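Q: I would like to see how this sequence folds:
(one chain, ligands or ions: 2)
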Amino acid sequence: MNPSHKVRVLFDEAAIARRNEELAHMIVSATSPDLLVVAVLKGSFMFAADLIRALHRMEATPQVEFIHLSSYGTGTVSTGNVTILRDIETDVAGRDVLLVDDILESGRTLSYAKDLLVARGAKRVFVAVLLEKRSKRAVTIEADFVGFSCPDMFVVGYGMDVAHNFRQLPFVGVVAHGTSEPDLFDDRRP
Ligand code: IMP
Ligand code: MG
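A: Ligands and ions are numbered 1, 2, ... in the order given. Down below sits the predicted model:
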């Protein structure tokens with residue numbers, strides 16, 4: 001994948017920022033004050049960073065942890081095997097935990113993470129995702145907080161990648177192949 005391909009914007013910066021404030025409001029209302037946020041790396045890093053700052057603006061004081069899970073390798077098709085590449089360091093027993101991920105697709109990644117935290121004694125495990133692709137669900141899991149419903153296409157940006165490219169984009173988009181449409185974001189511009 002050549003990172004200089006153009007990207008068609010699906011969810012722009014302003015829409016994401018507005019939605020993050022709404023999500024933070026819902027999260028604060030539904031969870032306990034000693035919330036532990038667990039961001040699922042790598043794809044959620046930008047969403048998690050914005051969401052926890054939105055939580056802060058609502059006077060929440062979450063602790064923040066990271067778990068690095070992998071089910072994809074560098075391809076675009078889920079293998080179904082989830083492995084822990086890096087675990088959290090916090091004891092979750094008796095705590096409210098909010099798992100934060102970029103996309104809920106087959107559900108295997110978040111289902112694995114949720115089961116893991118429940119098995120470790122978490123009191124309640126909530127799930128927040130920026131995007132949800134409902135048509136691809138393979139296991140039974142629902143997100144408690146969903147940013148946007150995502151069309152069934154491979155998306156990039158705002159932390160999400162294809163083969164490590166496009167994570168830096170401040171919006172969510174779709175890589176456009178072989179098009180010269182002028183309204184597309186051009187990643188080659190200086
Ligand atoms: P699931 O285990 O099938 O639900 O896969 C969810 C994970 O796959 C997400 O956390 C993403 O890291 C990755 N993923 C799924 N769809 C996309 C996409 O369209 N773009 C980038 N990553 C994706
Ligand atoms: Mg992921």
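Q: Now do stretch 143-157: everything it contacts.
A: Outside stretch 143-157, the residues that touch it by CB atoms under 8 Å, 6 or more residues apart in numbering are 7, 10-11, 15-16, 19-20, 23, 26-27, 30, 47, 76, 103-104, 110, 126-136, 162, 165-175. Just so you know, the C-beta spots here come from the backbone N, C-alpha and C atoms, and that holds for glycine as well.
Q: so how far is it from its chain's centroid?
A: 8 Å (CA atoms, centre = their mean, to the nearest Å).
Q: Say whether ligand 1 is contacted by that stretch.
A: Yes - Stretch 143-157 lies within reach of ligand 1 by CB under 6 Å from any ligand atom, at 154-155.
Q: Now the helix or strand hosting Ala49: buried residues?
A: Remark: Ala49 resides in helix 45-57, with elements defined by DSSP states H and E. Across helix 45-57, burial judged by 16 or more other CB atoms under 10 Å covers 45-48, 50-52, 54-55.
Q: hmm, back to that, list only buried entries from the contacts of stretch 143-157.
A: 7, 10-11, 16, 19-20, 23, 27, 47, 103-104, 110, 126-133, 162, 165-167, 169, 171-175.
Q: Surely Lys136 is in contact with Ile103?
A: No - at 9.3 Å, Lys136 does not count as touching Ile103 under the criterion of CB atoms under 8 Å.
Q: export the buried residues of helix 45-57 to CSV and tack on distance to Phe154?
A: Shown next, in CSV, are these (distance: CB to CB, whole Å):
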residue, distance to Phe154
Phe45, 19
Met46, 17
Phe47, 17
Ala48, 21
Asp50, 22
Leu51, 23
Ile52, 27
Ala54, 27
Leu55, 29
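Q: could I get those residues as a markdown table with distance to ligand 1 and pLDDT?
A: Below are those laid out as a markdown table (distance: CB to the nearest ligand atom, whole Å; pLDDT from 0 to 100):
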| residue | distance to ligand 1 | pLDDT |
| --- | --- | --- |
| Phe45 | 11 | 98 |
| Met46 | 12 | 98 |
| Phe47 | 10 | 98 |
| Ala48 | 12 | 98 |
| Asp50 | 16 | 98 |
| Leu51 | 15 | 98 |
| Ile52 | 18 | 98 |
| Ala54 | 20 | 98 |
| Leu55 | 20 | 98 |
